[in-house]
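# I would like the atomic coordinates for the input below:
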Amino acid sequence: MNILIVGNGFDLSHYLPTKYDHFMVAMDAIENWDETKGDMGFDDLFGSLYEKEDYFFSYTKSMYKTDEIKISFSEIKKLKKQLKENVWYRYFKFYRSKTDTWIDLEQKIEEALECCAIFFKKIDVKIEENSKISYLFKRLDERGESNSIKLHNREIHILFLLGILCGKNLVSSTPIHIWENVDKNDSEYYKNERYRNIINNDFIDENGSYMLYKVDSAVNFLNNKMKDFILLFNLYLVEFISKLEKKNSFKNILDFRPDIIYSFNYTDTYRNFYYEADVDFLHGRCGYSQNIVLGVSDLKDERLKKIKAFGFTKYHQKLMNMTDYQFFRENKKIERALIENRVGSPIRKVNQQKNIRVVIWGHSLNISDESYIEEIFSFNKVNDEFVRVTVLYFNDRAKFDLLANLLEILGKEKVENWMKKGWLKFEENPDIAKLNGIEPVELPKISAS
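Modelled structure (predicted):
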């Protein structure tokens, strides 16, 4: 039996621009597009990366009909409005230099939620003490009213970006969104005396001498904006990735045809490019009826559980989106293969044990998917069940990180045992371009303006 497990690196090996940075660069290009130029094309979306990622995009343009990717003027206007209104996009954009991968994105979501939990807790304490809270929020180094809430600069900034706090221009007394004014680094911004920190009135319920903060409303607001962000990402995958048509068919890049595919991607690259197969999309699938899962592994802070922020967890989204698929232990095909390999099994043929071959391509083996990884390596404990795992890697650095992640999750003893017995091995990714005789093309020179 042959099982293929794919992650984002599988798409990248096929020179599809599905990195986190690819998505953010394309959205930034749309946001800043001069509408007098009309429609946008592939070069308009990704041209700013051509110098930095010359090798990657020279093969992308060689393999795919990139000239057919177009985004209309009307769609650009619609997307600009959605990007401007989405607080999660603004938050991710501001911290983009510190966010390289989709795993980093998950960590930024977790940081934002923890910041909100701290803020909500401080509000609860102040209201319990004074029945009211000040609309003004102070930095920790400022003096304030007895019922004002003090936060660290970083906490204030994150809450601003998320729309939980608003900025108030002291000259016009008009509430403003922080992203229209943050064009410098954090320290310089906070020296600006023209702005004060005020609570977003949408989440305040004031009744005479008493005040309530509607935590549920704030959490629902963030949850809905995250759903909107997922829709933006889905549109990106549908319109700019899935529509990339190959110039020529690809040769099969593996020495087997998988019986089962477990995909941590949202795209259907294997079936689109090679053969039909049974695919379970463990984190959902992009499309016009998308069910993408994008969130944190769990809520580590009890305060987050108290405010019921479960909508940001992958397991909640999986259950809601019906993507909580059976994995190895529940799969009937795998279970039958295991039974056939057992000594004394009534359906086992003499000396006919067959390896259950697992190939992992493009998955980081990060702790965020710990439960899946532990299950893959839960076999061969008492007796050899003939489960054999091959991890494909892009380069030596990637191999180093993959091995380190396995050691963190499984422990030194198990990893050493599997490798010594030949049950686990590492191999380089197949070179898609080389196997198909594809040569890179010269990229156009894109003006910085």
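# tell me the domain ranges of the protein?
For the chain, automatic domain parsing gives the domain ranges 1-10+244-294+326-449, 17-85, 103-218.
# run the chain-centre distance for the longest one.
If I follow you right, that is domain 1-10+244-294+326-449. Between the centre of domain 1-10+244-294+326-449 and the centre of its chain there are 19 Å (C-alpha atoms, centre = their mean, to the nearest Å).
# what about the stretch 201-350 of the chain, any weak spots by pLDDT?
208-210, 343-350 (pLDDT under 70).
# just the helices from it, written as ranges.
For the stretch 201-350 of the chain, applying DSSP state H, counting those that start in this stretch gives helices covering 215-236, 269-273, 302-306, 314-321, 332-341.
# if you drop the residues flanking it in sequence, what lies closest to the residue positioned nearest the centre of the chain?
Centroid check for the chain by C-alpha atoms, centre = their mean gives Trp102 as the closest residue, at 3.7 Å. The shortest distance from Trp102 to any non-neighbouring residue, by C-beta to C-beta, 6 or more residues apart in numbering, is to Tyr20 (5.1 Å). C-beta: built from backbone N, CA, C; applies to glycine.
# check contacts around that neighbour.
Neighbouring residues of Tyr20 by C-beta atoms under 8 Å, 6 or more residues apart in numbering: Thr99, Asp100, Thr101, Trp102, Asp104, Leu105.
# for the stretch 51-200 of the chain, which segments count as helices?
54-63, 73-85, 87-94, 102-130, 153-161, 186-189.
# minimum distance to Glu276: which of the ones you listed has it?
Closest approach to Glu276 among the helices of the stretch 51-200 of the chain (C-beta to C-beta): helix 54-63, 21.5 Å.
# and that closest one, what does it pack onto?
Using 3 or more C-beta pairs under 8 Å, 6 or more residues apart in numbering; DSSP states H and E, the elements in contact with helix 54-63 are helix 432-435.
# which other helices and strands does the helix it packs on contact?
Partner elements for helix 432-435 (3+ C-beta pairs under 8 Å, 6+ apart): helix 54-63.
# contacts for the helix it packs on, please.
Residues contacting helix 54-63 (C-beta under 8 Å, 6+ apart): 12, 14-17, 42, 46, 49-50, 66, 244, 246-248, 433, 438-443.
# put the alpha carbons of whichever helix or strand Val359 is part of into CSV.
Counting by DSSP states H and E, the element that carries Val359 is strand 356-361. Taking C-alpha atoms only, strand 356-361 is exported to CSV below (Å, rounded to 0.1, in the frame of the first residue of the first chain):
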residue,chain,number,x,y,z
ILE,A,356,2.7,0.1,4.0
ARG,A,357,4.8,2.8,2.3
VAL,A,358,4.3,6.4,3.6
VAL,A,359,5.9,9.2,1.7
ILE,A,360,5.8,12.7,3.2
TRP,A,361,6.4,15.5,0.8
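# list the buried residues in that strand.
By neighbour count on 16 or more other C-beta atoms under 10 Å, the buried set for strand 356-361 is Ile356, Arg357, Val358, Val359, Ile360, Trp361.
# swap in stretch 297-310?
Ser297, Asp298, Leu299, Asp301, Arg303, Leu304, Ile307, Ala309, Phe310.
# how many residues are close by Val441?
Using other C-beta atoms under 10 Å, Val441 is surrounded by 14 other residues.
# tell me the SS of it?
Per DSSP: H, G, I helix; E, B strand; the rest coil, the local secondary structure of Val441 is coil.
# ok, now which ones touch it?
So Val441 contacts Ser58, Lys61, Ser62 (C-beta under 8 Å, 6+ apart).
# what about the last one, distance to Lys70?
Distance of Ser62 to Lys70, computed by C-beta to C-beta, to the nearest Å: 20 Å.
# higher neighbour count, the two?
Ser62 (18 against 14).
# from Tyr274, how far off is that one?
Note on Ser62: its distance to Tyr274, by C-beta to C-beta, is 19 Å.
# can you check the pLDDT for Ser131?
For Ser131, the model assigns a pLDDT of 69.
# before we move on, what about Glu188?
37.
# chain neighbours aside, what residue packs nearest to Phe119?
Leu159 (5.9 Å).
# going by neighbour count, which residues of stretch 428-436 are buried?
Buried-residue list, stretch 428-436, by 16+ other C-beta under 10 Å: Asn429, Ile432, Ala433.
# ditto for stretch 214-230
Within stretch 214-230, judged by 16+ other C-beta under 10 Å, the buried ones are Val215, Ala218, Val219, Phe221, Leu222, Asn223, Lys225, Met226, Asp228, Phe229, Ile230.
# over to stretch 394-404?
Residues of stretch 394-404 classed as buried under the neighbour-count rule (16+ other C-beta under 10 Å) are Phe394, Ala398, Lys399, Leu402, Leu403.
# weakest of the domains of the chain by average pLDDT?
If you rank the domains of the chain by mean pLDDT, domain 103-218 sits at the bottom with a mean of 68.
# what is the end-to-end distance of that domain?
With C-alpha to C-alpha, to the nearest Å as the measure, domain 103-218 spans 25 Å from end to end.
# check the gap between Thr269 and Leu435 for me.
According to C-beta to C-beta, Thr269 stands 15 Å off from Leu435.
# again with Ile103
29 Å.
# what about Glu110, how many neighbours?
19.
# you'd agree Lys108 is up against Phe94?
No: between Lys108 and Phe94 there is no contact under C-beta atoms under 8 Å: 10.0 Å.
# contacting residues for the residue nearest to Met40 when sequence neighbours are not counted?
Distances taken as C-beta to C-beta, 6+ apart put Ile71 closest to Met40, at 4.5 Å, once the chain neighbours are dropped. Under the criterion of C-beta under 8 Å, 6+ apart, the neighbours of Ile71 are Ile30, Asp39, Met40, Gly41, Leu45, Leu79, Glu239, Phe240.
# which among those count as buried?
Ile30, Met40, Leu45, Leu79, Phe240.
# the first one belongs to a helix?
Yes: the secondary structure assignment for Ile30 places it in a helix, going by three-state DSSP.
# so what's it up against?
Contacts of Ile30 by C-beta under 8 Å, 6+ apart are Met40, Leu45, Ile71, Ile76, Leu79, Lys80, Leu83.
# can you do 6 Å?
Ile76, Leu79 (C-beta atoms under 6 Å, 6 or more residues apart in numbering).
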